[in-house]
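Visitor: how does the following fold in three dimensions:
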Amino acid sequence: MDIVISNSTLFFRQPLPPVPTVSSFHKLNITTALTSSKNQLLFSPQIKLSLTSTNTSAVSRFTVSCGAAGPITEINQAQFPNTVLKSDRPVLVEFVANWCGPCRLIAPAMESIAQEYGDRLVVVKIDHDANPQLIEEYKVYGLPTLILFKNGKEVPESRREGAITKVKLKEYLDFLLESNSVA
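Guide: Residues are numbered from 1 along each chain as shown. Modelled structure (predicted):
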C-alpha cells in the first residue's frame, strides 16, 4: 500500500472508512484506517503509530497510540501520594489540560528537561480536568502550573504559572535544585 504523508495528515490510496481525529501536541488527522498485517506506521525510530480496531458496532472505531513514550509520566490523584509525596528525589509536577495552549507550547521543553534532569529529579504531569481535588488542594489557578516537591512538601517559592522557555525553565530548575531549600 502506498502512503503519502503531507501536512501531518496521512492519506492512503485505498478507500477505507474514516476514523476519529486524534489530538495531541501536534494535531494528527487520520482520515482513513491502515489495513496492513501489522497496523503500524513507523515515522522514525522514536515515533511509531499503532492502529487498533474496536469493531463493536456497525462503524469501526480506531485507537491511535504513539510508541514514543516520553520520560514524563501522567499521574492521577490516587498515584500522587506515592509518586510525589513519598519520592526520594525531588519531583517537578506540571498541572496541564489538553485544551490549554500554553501547556502544549511548553510540552517539548518539559520532555527535554525530563530527559536532561532525569538523574536529579522526577517529572510528572497531572491533568487539570481529571483531578479536581488536587487542583483545589494545591490552589492551581493558572495553567500550566509547575510545582517542585521535596520530602513530601511543596518547595517554597517553586510555584510557576504560565508558559516558559526552555532556557528559563532550566534557570528555574537549576536555582531550585541548587538552593538550600531543596538540597
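Visitor: wait, Lys166 sits on Ala109?
Guide: Yes: contact status for Lys166 versus Ala109: in contact at 3.9 Å, counting by CB atoms under 8 Å. All C-beta atoms are positioned from the backbone trio N, CA, C, and that covers glycine.
Visitor: more neighbours: those two, which one.
Guide: Ala109 (17 against 14; other CB atoms under 10 Å).
Visitor: now the more buried one, what's its secondary structure?
Guide: Taken by DSSP: H, G, I helix; E, B strand; the rest coil, the conformation at Ala109 corresponds to helix.
Visitor: OK, contacts around it?
Guide: Ile164, Thr165, Lys166, Leu169 (CB atoms under 8 Å, 6 or more residues apart in numbering).
Visitor: try it again with 7 Å
Guide: Thr165, Lys166, Leu169 (CB atoms under 7 Å, 6 or more residues apart in numbering).
Visitor: per-residue pLDDT, the second one?
Guide: In other words, Lys166. pLDDT for Lys166: 96.
Visitor: what's the answer for Phe175, then?
Guide: The predicted local confidence for Phe175 is 95.
Visitor: are we agreed that it is in a helix?
Guide: Yes: Phe175: assigned to a helix according to three-state DSSP.
Visitor: so how far is Arg160 from it?
Guide: 11 Å (CB to CB, to the nearest Å).
Visitor: can you check Phe95 too?
Guide: 11 Å.
Visitor: follow-up on the earlier one: and Phe175 and Arg160? Which one has more around it.
Guide: Ranked by neighbour count (other CB under 10 Å), Phe175 and Arg160 place Arg160 first, with 19 against 12.
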